[in-house]
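> Attaching a predicted model along with its sequence, questions to come.
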Amino acid sequence: MMSQDIQFPNQNPNPTQKFFKVMTFAMMLMASGQLYAQKVLSPRQTYPDLFEKVQLAKIYSDGKSFVDAIPKKSPSAIMNAYDTQKKISAFNLKSFVTENFSMPENHNAVYQSDINAGIEKHLDTLWTVLKRNPDTVSKFKTSLLPLPHPYIVPGGRFREIYYWDSYFTMLGLQKAGKTQIMKDMIDNFAFLINKYGFIPNGNRSYYLTRSQPPFFAAMVQLLTQNNSDVKLSDYKDALEKEYNFWMKGAAELKKGEAVNHSVKLTDGTVLNRYYDAGDQPREESFREDLEAAKLTKQQPAVFLRNIRSAAESGWDFSSRWFADGKDFSRIITTDLLPVDLNTLMYNLEIAIADANKQAGNNSKSLLFTAKAQTRKTAILKYFWNTELNFFTDYNWKTKSMSNQLTLAASFPLYFKLATSAQAKSVSEKIEKDFLKTGGLITTLTTTKEQWDAPNAWAPLQYISIQALHHYGYGKLADNITNRWINQNIAVFKETGKLMEKYNVVETNSKGGGGEYPLQDGFGWTNGVLLKLMKK
């Protein structure tokens with residue numbers, strides 16, 4: 001929404017005026033094509049004033065609960081009742097919400113694992129626990145964007161499909177021989193691309209302003225490895241549409257300018273950044289974002305877009321995005337060109353080239369091969385930090401390299417972009433600084449943020465392990481693998497659960513930090529663990 005629309009708790013706009021303001025601006029966005037073909041309203045747009053009151057009053061401990069809630073009546077009936085009842089002195093907001101909404105089901109909350117049956121039995125059972133059937137359109141409007149095929153969710157509060165999570169979940173599905181659900185999930189993502197022009201963070205209306213790390217090409221490549229019935233060319237159009245989303249506006253850029261996800265550097269090089277189209281508090285973290293905005297010196301709209309853009313990165317949150325590497329209030333996500341995002345874009349360009357070659361379009365195949373080569377050159381130029389001998393992000397505004405050391409440095413090795421000398425330096429630093437008792441820490445900075453030390457995450461373990469294998473560092477890769485497997489199994493034996501993240505510094509410890517309690521389930525942990533155990 002518009003930056004002028006930001007309302008802090010002490011402000012109380014007329015609900016009717018606010019409703020028309022929201023609707024008018026939404027229609028303006030749709031008319032200008034900025035809403036990515038979005039014709040659905042988010043919860044905040046659907047329930048103006050009521051939404052803000054519920055989230056600020058913290059009716060639910062988790063801000064995601066209300067945005068996922070299921071209305072018992074039509075939105076117009078609920079809003080009419082609210083406008084009438086809120087004027088009564090005895091009005092009770094929590095009772096009103098309970099009367100008019102049902103909380104979404106947490107499917108794995110009732111699941112009890114059998115520790116004695118072993119980890120592999122647990123993993124096999126979880127595919128059923130975390131599976132969702134094709135969505136049906138609900139009688140009354142919810143935030144869920146219905147998908148036509150079955151899919152796997154991460155678990156816990158994450159009760160919808162998530163973009164980059166799904167690639168790592170698929171690693172396990174492939175090992176389990178569940179290729180049909182892999183294809184179903186990929187077809188769901190193609191459906192989202194065709195319907196909205198991109199893959200949202202998750203299939204919720206409040207995610208329609210941002211995507212996540214573009215792993216769609218890697219998913220299709222994974223599916224085609226052992227499945228002769230599927231070809232890259234089957235998804236050529238969807239791959240190209242996703243590329244167009246990430247490159248939207250790039251052709252018109254002048255040197256030193258940025259638009260959407262694209263930045264043109266002063267030498268004419270075009271690279272990508274994370275960039276959420278919104279500049280309002282995230283609806284699922286509305287109260288938290290408003291509180292955080294009070295503590296920054298940035299303009300609220302700038303600050304909130306940086307928060308939302310960090311959410312698009314999947315690393316929400318990390319000192320990686322902070323100007324000083326310490327202070328959340330100094331988050332500068334949109335100023336940074338991330339090394340991992342740009343290597344994913346390189347892979348997307350390679351996939352489009354291969355898909356067009358399969359389809360017989362040699363001219364387009366050559367065009368995207370050239371684009372990939374140009375990007376590879378730029379990645380090695382702008383992301384290799386010669387002082388630190390490590391890949392780091394690049395600040396396009398200050399024209400300087402970040403000094404934040406993170407496991408994002410493994411991505412150029414995973415996609416085989418790095419030189420042998422660079423790979424050697426990265427492997428040495430990973431072994432010396434990142435390797436801990438239970439695996440690899442995410443960054444070298446210890447903070448309260450969940451994408452910092454001492455936490456470790458399954459996707460970054462897998463990317464780093466495979467990256468090291470690609471360059472012949474198998475002994476180190478196997479050491480990391482064994483430590484990670486042992487960490488996962490130790491916590492499972494203690495709790496009967498697999499976790500979203502782990503503390504790998506303190507032996508056999510679950511992860512901490514972040515905006516919400518530790519989640520179990522957990523899609524990508526399951527996928528990576530099974531993949532590594534079956535190697």
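Great, that's in hand.

> May I have the phi/psi pair for the residue positioned nearest the centre of the chain?
Nearest to the mean C-alpha position of the chain, by Cα atoms, centre = their mean, lies G314 at 3.5 Å. Main-chain dihedrals, G314, degrees, to the nearest 10: phi 90, psi -20.

> Output the below-cut-off pLDDT ranges for the stretch 1-150 of the chain.
Scanning the stretch 1-150 of the chain with the threshold set as pLDDT under 70 gives 1-38, 106-110.

> Please enumerate the strands of it.
70-71, 101-102, 131-132 (DSSP state E, counting those that start in this stretch).

> from what I can see the residue nearest to the centre of the chain touches P214, true?
No. Shown here, G314 and P214 do not form a contact pair, counting by Cβ atoms under 8 Å, at 10.8 Å. The way it works is simple: take the backbone N, C-alpha and C, and place the C-beta from them, glycine included.

> what's the closest of the strands of the stretch 1-150 of the chain to G474?
strand 131-132 (34.4 Å; Cβ to Cβ).

> Quickly run through the sheet partners of the closest one, with directions.
When sheet partners are counted by DSSP bridges, strand 131-132 sits next to strand 151-152 (antiparallel).

> Let me see the mean pLDDT of the strand it pairs with.
The predicted model gives strand 151-152 an average pLDDT of 98.

> So the protein: which segments form each domain?
3-102, 400-535 (automatic domain parsing).

> which of those sits most buried?
Neighbour counts (mean count of other Cβ atoms under 10 Å) averaged over each of the domains of the chain peak at domain 400-535, with a mean of 21.

> Just give me how far it sits from the chain centre.
Relative to its chain's centre, domain 400-535 lies at 17 Å (Cα atoms, centre = their mean, to the nearest Å).

> same check, this time on stretch 271-282
12 Å.

> which stretches of this protein have low pLDDT?
1-38, 106-110, 507-519.

> Could you say which one of the domains of the chain comes nearest to K131?
Using Cβ to Cβ, these put domain 400-535 closest to K131, at 10.5 Å.

> re the thing from before, can you list the strands of the stretch 1-150 of the chain in a markdown table and add distance to L388?
Shown next, in a markdown table, are the strands of the stretch 1-150 of the chain (distance: least, Cβ to Cβ, whole Å):
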| stretch | distance to L388 |
| --- | --- |
| strand 70-71 | 50 |
| strand 101-102 | 50 |
| strand 131-132 | 43 |
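
> So which of these is nearest T125?
Nearest of those (Cβ to Cβ): strand 131-132, 10.9 Å.

> contacting residues for the residue nearest to the centre of the chain?
164, 212-213 (Cβ atoms under 8 Å, 6 or more residues apart in numbering).

> do the same with I193
So I193 contacts 199, 216, 238, 241-242, 245 (Cβ under 8 Å, 6+ apart).

> just so I have it, where are all the helices in the stretch 301-450 of the chain?
Applying DSSP state H, counting those that start in this stretch to the stretch 301-450 of the chain gives helices spanning 339-358, 362-382, 411-414, 420-429.

> Tell me which of these is the most buried.
Greatest burial across these, using mean count of other Cβ under 10 Å, falls to helix 411-414, with a mean of 25.

> who's in contact with it?
339-340, 343-344, 379-380, 383, 391, 418, 422-423, 426, 463-464, 466-468, 470-471.

> Name the nearest of the contacts of G314 relative to F66.
Among these, Q212 lies closest to F66 (Cβ to Cβ), at 22.5 Å.

> doesn't the closest one fall inside a strand?
No. Read with DSSP: H, G, I helix; E, B strand; the rest coil, Q212 is coil and lies in no strand.

> pretty sure it contacts E312?
Yes. In this structure, Q212 is within contact of E312 by Cβ under 8 Å, at 6.1 Å.

> what's the overlap in contacts for those two?
Common neighbours of Q212 and E312 (Cβ under 8 Å, 6+ apart) are N201.

> Which residue of the two possesses the greater neighbour count?
Using other Cβ atoms under 10 Å as the criterion, Q212 and E312 rank with E312 on top: 26 against 22.

> quick one: buried residues of the helix or strand containing L290?
Element membership of L290, judged by DSSP states H and E, is helix 286-293. Under the neighbour-count criterion of 16 or more other Cβ atoms under 10 Å, helix 286-293 has 286-290, 292-293 buried.

> What of stretch 256-265?
Quick answer for stretch 256-265 (16+ other Cβ under 10 Å): 258, 260-265.

> okay if I get those as a markdown table plus distance to S318 and secondary structure?
Listed next are the buried residues of stretch 256-265 as a markdown table, based on distance: Cβ to Cβ, whole Å; DSSP: H, G, I helix; E, B strand; the rest coil:
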| residue | distance to S318 | secondary structure |
| --- | --- | --- |
| A258 | 21 | strand |
| N260 | 22 | coil |
| H261 | 19 | coil |
| S262 | 23 | strand |
| V263 | 20 | strand |
| K264 | 26 | strand |
| L265 | 24 | coil |
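
> Which members of these are the farthest-apart pair?
N260 and L265 (15.8 Å).

> what's the closest of the helices of the stretch 301-450 of the chain to K436?
That would be helix 420-429 among the helices of the stretch 301-450 of the chain, by Cβ to Cβ, at 13.8 Å.

> which other helices and strands contact the closest one?
strand 390-391, helix 411-414, helix 458-470 (3 or more Cβ pairs under 8 Å, 6 or more residues apart in numbering; DSSP states H and E).

> what does the longest one contact?
Right, helix 458-470. So helix 458-470 is in contact with 164-165, 167-168, 171, 407, 410-411, 413-414, 416, 423, 426-427, 430, 434, 439-440, 442, 474, 476-477, 480-481, 484, 524-525, 527-529, 531-532, going by Cβ under 8 Å, 6+ apart.

> now do 7 Å
168, 171, 407, 410-411, 413-414, 416, 427, 430, 439-440, 442, 476-477, 480-481, 484, 524-525, 528, 531 (Cβ atoms under 7 Å, 6 or more residues apart in numbering).

> what does stretch 53-67 give?
9, 43, 93-94, 97, 103, 143, 157, 206, 283-288, 516.

> try 6 Å
9, 43, 93-94, 97, 103, 143, 157, 206, 283-287, 516 (Cβ atoms under 6 Å, 6 or more residues apart in numbering).

> Serialize the helices of the stretch 301-450 of the chain to JSON lines and add fields for distance to P454.
Output for the helices of the stretch 301-450 of the chain, formatted as JSON lines (distance: least, Cβ to Cβ, whole Å):
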{"stretch": "helix 339-358", "distance to P454": "21"}
{"stretch": "helix 362-382", "distance to P454": "29"}
{"stretch": "helix 411-414", "distance to P454": "22"}
{"stretch": "helix 420-429", "distance to P454": "18"}
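
> Okay, strands next: where are they in the stretch 201-350 of the chain?
Assigned by DSSP E, counting those that start in this stretch, the strands in the stretch 201-350 of the chain fall at 257-259, 262-264, 270-272, 336-337.

> partners of the last one in the sheet?
Right, the one you point to is strand 336-337. Strand 336-337 is paired, per DSSP bridges, with strand 394-395 (antiparallel).
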